[in-house]
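Enquirer: Kindly return the folded structure for what I paste below:
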Amino acid sequence: MRSGFEFFYDLARQAIIPNVQIAVVEDDPLVRDFVVDTLEFSVNRKIHTFENGFAAWQYIQTSNPIHIVFSDIHVPEIDGLELTARIKAAQPEIICILASGNPADELRATEAGADAFVLKPYGISDLFALVQTFVVEDRGRRG
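Expert: Numbering: from 1, shown residues only. Alright, predicted model coming up:
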């Protein structure tokens, strides 16, 4: 059996979104650091971080390319639902993944246009599965 490191090293090498740019929007520093560390390890790229939806939205509106946004639904200023709706209206090719501790938020996430929903608490394997789906296999691409 291969170690987790070997498996996810292979994932990073197989990525079909070259130089993937991921933004994480999370106001809880412990959760944000966990997500960022896990994603940086699995895709071998710097992850853009934001404490609130407004800062992420401002960044996305610039010419900086973002391929994937991973956001908690309950972040300040612009929540993850509104952020996703704005992103999908302006740049529908950006993959939006929303997270929440409330299972009822899954329907709201779908209605906002999210490509995926992750129920908290989530673990490393959940984040690696998202990388596999949206970066390596590119099954999340709409077009």
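Enquirer: ok so Glu106 is a strand residue?
Expert: No. Glu106: not assigned to a strand; according to DSSP: H, G, I helix; E, B strand; the rest coil it is helix.
Enquirer: tally of neighbours for it?
Expert: Around Glu106 there are 17 other residues, counting by other C-beta atoms under 10 Å. C-beta here means a position set from N, CA and C on the backbone, and glycine is covered the same way.
Enquirer: May I ask you to confirm that it is in contact with Lys120?
Expert: No. Counting by C-beta atoms under 8 Å, Glu106 does not reach Lys120; the two are 11.6 Å apart.
Enquirer: Give me the common contacts of the two.
Expert: Shared contacts of Glu106 and Lys120 (C-beta atoms under 8 Å, 6 or more residues apart in numbering): Ser100.
Enquirer: next structured bit after the worst-scoring helix or strand of the chain on mean pLDDT?
Expert: Least confident helix or strand, the chain: helix 4-14 with a mean of 44, by mean pLDDT, DSSP states H and E. Next helix or strand after helix 4-14 toward the C-terminus (DSSP states H and E): strand 22-25.
Enquirer: name the helices or strands packed onto that next one?
Expert: Where contact means 3 or more C-beta pairs under 8 Å, 6 or more residues apart in numbering; DSSP states H and E, strand 22-25 is packed against helix 29-43, strand 48-50, helix 53-61, strand 68-72.
Enquirer: For the helix or strand hosting Arg86, list every residue counted as buried.
Expert: In this assignment (DSSP H and E), Arg86 forms part of helix 80-90. Of all the residues in helix 80-90, those buried under the rule 16 or more other C-beta atoms under 10 Å are 80-88.
Enquirer: Give me the spatial nearest neighbour of Glu26, chain neighbours excluded.
Expert: Spatial nearest neighbour of Glu26, excluding adjacent residues (C-beta to C-beta, 6 or more residues apart in numbering): Arg32 at 3.9 Å.
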